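Engineer: Below is the structure, and that's it, no one-letter string:
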């Protein structure tokens, strides 16, 4: 692609070459803009941890993936594409005594698990179910929103995904204060919906976001699972291999600013 404009110029087809360069610049601009998005400040050590993990509903056995994401015992754990057996396995786990589970849809349910006291409710965002929680951390009150948007496959689902992200941006703006948004947003950092979240004051981790899907592409994949923060220190994001899932989980450290 980079050689095409030069080839056109060498053949004295300068108009075609210039048009190619203009198209490349237009296509790359959202990605370049996203790369220069401000990030959250890094947390002081030791920080609290949050994990978002899409277990993949088509995987016949979620137990190995659950064992991996629970091994590090994060303070907050969002599980996506869950089944009844996942809820049964985790509901009485003493490491996360405060839990909120939402009814599965076609691709499974979601669950937010907290080490600290939590008051949570379900919120419908254009067909996507989100969990909107207020959590009493040792450092102060924290609002957490966890969700799984629709995959933008086809024009209809793409429009639905955009509407869900737009409603999420509106939900984010309903109240001020420290906020953590995490989940499978099915959107890359250059997606307009993600840019609206950035405009609403949500920032990715210091050090950048990690590529989570498809898992078999490793670092060559794309970032569609996110942890975003407002008025929080956030950093150290890393991908976690999930046995049987087409996603990597994402883990990040966070703390209230000044703590």
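Structural biologist: Yep, that arrived. None of these values were measured; they are calculated from a predicted model.
Engineer: Okay, strands next: where are they in the stretch 51-200 of the chain?
Structural biologist: All strands of the stretch 51-200 of the chain, identified by DSSP state E, counting those that start in this stretch, fall at 76-82, 98-105, 108-114, 118-125, 128-137, 140-148, 179-184.
Engineer: Which neighbours in the sheet does the one helix or strand residue 255 maps to have, and how are they oriented?
Structural biologist: For residue 255, the host element (DSSP states H and E) is strand 249-256. The pairing partners recorded for strand 249-256 under DSSP bridges are strand 48-54 (antiparallel), strand 232-240 (antiparallel).
Engineer: how about these, which one is nearest residue 218?
Structural biologist: Proximity to residue 218 (CB to CB) singles out strand 232-240 among the strands paired with strand 249-256, at 8.3 Å. In short, each C-beta sits where N, CA and C put it, glycine included.
Engineer: pLDDT on that closest one, on average?
Structural biologist: For strand 232-240, the mean pLDDT works out to 92.
Engineer: Show me the contact partners of that strand.
Structural biologist: Residues outside strand 232-240 that contact it (CB atoms under 8 Å, 6 or more residues apart in numbering) are 39-44, 47, 51, 53, 68-69, 142, 178-180, 203-212, 227-228, 248-257.
Engineer: Repeat that for stretch 105-116.
Structural biologist: Under the contact criterion CB under 8 Å, 6+ apart, stretch 105-116 has outside partners 55, 57, 75-83, 86-87, 90, 93, 95-103, 118, 120, 129, 131, 133, 135-138, 144, 146-148, 183.
Engineer: and the strand holding residue 255, what's its mean pLDDT?
Structural biologist: For strand 249-256, the per-residue pLDDT averages 94.
Engineer: buried set for that strand?
Structural biologist: For strand 249-256, burial by neighbour count (16 or more other CB atoms under 10 Å) applies to 249-256.
Engineer: Ok, stretch 124-137 next?
Structural biologist: Across stretch 124-137, burial judged by 16+ other CB under 10 Å covers 125-126, 128-133, 135, 137.
Engineer: ok, now stretch 176-184?
Structural biologist: Using 16+ other CB under 10 Å as the test for burial, stretch 176-184 gives 178-184.
Engineer: Quick check: the gap between residue 18 and residue 1.
Structural biologist: From residue 18 across to residue 1, the span is 15 Å (CB to CB, to the nearest Å).
Engineer: returning to what we had before: comparing the strands of the stretch 51-200 of the chain, which yields the minimum mean pLDDT?
Structural biologist: Among these, strand 98-105 carries the lowest mean pLDDT, at a mean of 89.
Engineer: now that strand: how far from the chain's centre is it?
Structural biologist: Using CA atoms, centre = their mean, to the nearest Å, the mean C-alpha position of strand 98-105 is found 18 Å from that of the whole chain.
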